[in-house]
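Visitor: I'd like to go over a predicted model; first the sequence, then the structure.
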Amino acid sequence: WNRFGNDGFKKLISEGFNLRNNHFNYIPTYTGPGHASVFTGSAPQTHGIIGNDWYNKFQNEMVYCVGDPAVMPVGTTVEAGKMSPHRLLTTTVADENRLHTQMRGKTIGVAIKDRGAVLPAGHTANAAYWFHGQNEGVWISSSFYLEDLPQWVKEFNAEGYA
């Protein structure tokens, strides 16, 4: 407590609002539906992200919430780059910002996990980047957003920090 300044976390605690009895109006509370619910303001039955993975009876297969076989990986050659918000049925706060500013606003999703970058950034994002570990340890994206990684991402990846 003594390491925090009076205008940061201490201010949030002393002047902020603390909700002590919260409930989710849906089950399951996985991260995919959580990201989509927070950033769309709607529930899974409306935004369409009903789990991290689920069985799609129309495709007769298991699907991943942001998996998209129609896009290509950018910054890698593996399936981890084939992601987009195509299963998200509604707009996000970020989408509405872009629409309100006639697409002049900027949205870039960045997260360790793909669903944490893709779902909050929505359909109109300028870019989304997520970390691909395994044997690469690089930040990647998909062709839904861009055809090639920007130079600054390539340079960061080349440093080999991971």
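Guide: Received it, and whenever you're ready, just let me know what you need.
Visitor: any idea how far Val66 is from the most centrally placed residue in the chain?
Guide: Taking C-alpha atoms, centre = their mean, the centroid of the chain lies closest to Ala117, which sits 2.5 Å from it. Per C-beta to C-beta, to the nearest Å, Ala117 is found 9 Å from Val66. C-betas here are computed from N, CA, C, even on glycine.
Visitor: correct me, but the residue nearest to the centre of the chain touches Tyr129?
Guide: Yes. If you go by C-beta atoms under 8 Å, Ala117 and Tyr129 touch, sitting 6.0 Å apart.
Visitor: what's the longest helix in this protein?
Guide: Counting residues, the longest helix found in the chain (DSSP state H) is helix 31-40.
Visitor: re the thing from before, who touches both of Ala117 and Tyr129?
Guide: Common contacts of Ala117 and Tyr129 (C-beta atoms under 8 Å, 6 or more residues apart in numbering): Gly109, Val110, Ala111.
Visitor: tabulate those in CSV, adding columns for pLDDT and distance to Lys82.
Guide: Below are the shared contacts of Ala117 and Tyr129 laid out as CSV (pLDDT from 0 to 100; distance: C-beta to C-beta, whole Å):
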residue, pLDDT, distance to Lys82
Gly109, 98, 16
Val110, 98, 18
Ala111, 98, 17
